[in-house]
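S.K.: A predicted structure for the sequence below; I have some questions about it.
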Amino acid sequence: MQQLEDRLDPERFMRVHRSSIVRLDLVEALLRSEGSEYQVQLKVGARLRVGRSRREALERRLGRR
């Protein structure tokens, strides 16, 4: 996963979980689920988990902090 992340444009893509990389312009919403877990909802309807250590950076990238 790290090799793929290194090849992608960091302005357009972000790793949100150890097993997920998203294209930022396809993120529709950042959702809080049970407890302190978060998910991103993509414009195509898919939901992906967001790692706790990556949530704040994702919020900054989405302009929510």
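M.R.: Done, it's in.
S.K.: Only C-alpha atoms from now on, for both contacts and neighbour counts.
M.R.: Will do.
S.K.: Check which helix or strand the residue nearest in space to the middle of the chain maps to.
M.R.: Note on the chain: the residue nearest the mean C-alpha position is residue 16, at 3.7 Å, using C-alpha atoms, centre = their mean. Using DSSP states H and E, the element containing residue 16 is strand 13-17.
S.K.: Can you name every helix or strand that that strand contacts?
M.R.: On a contact count with 3 or more C-alpha pairs under 8 Å, 6 or more residues apart in numbering; DSSP states H and E, strand 13-17 meets strand 20-23, strand 47-50, helix 55-61.
S.K.: ranking those by burial, who's on top?
M.R.: Stretch with highest mean neighbour count among the helices and strands packed on strand 13-17: strand 47-50 (a mean of 20; mean count of other C-alpha atoms under 10 Å).
S.K.: hey, C-alpha coordinates of it in CSV?
M.R.: Coordinates of each C-alpha in strand 47-50 appear next as CSV, following Å, rounded to 0.1, in the frame of the first residue of the first chain:
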residue,chain,number,x,y,z
ARG,A,47,-18.2,4.0,2.9
LEU,A,48,-14.6,3.5,4.1
ARG,A,49,-13.2,3.5,7.6
VAL,A,50,-10.9,6.3,8.6
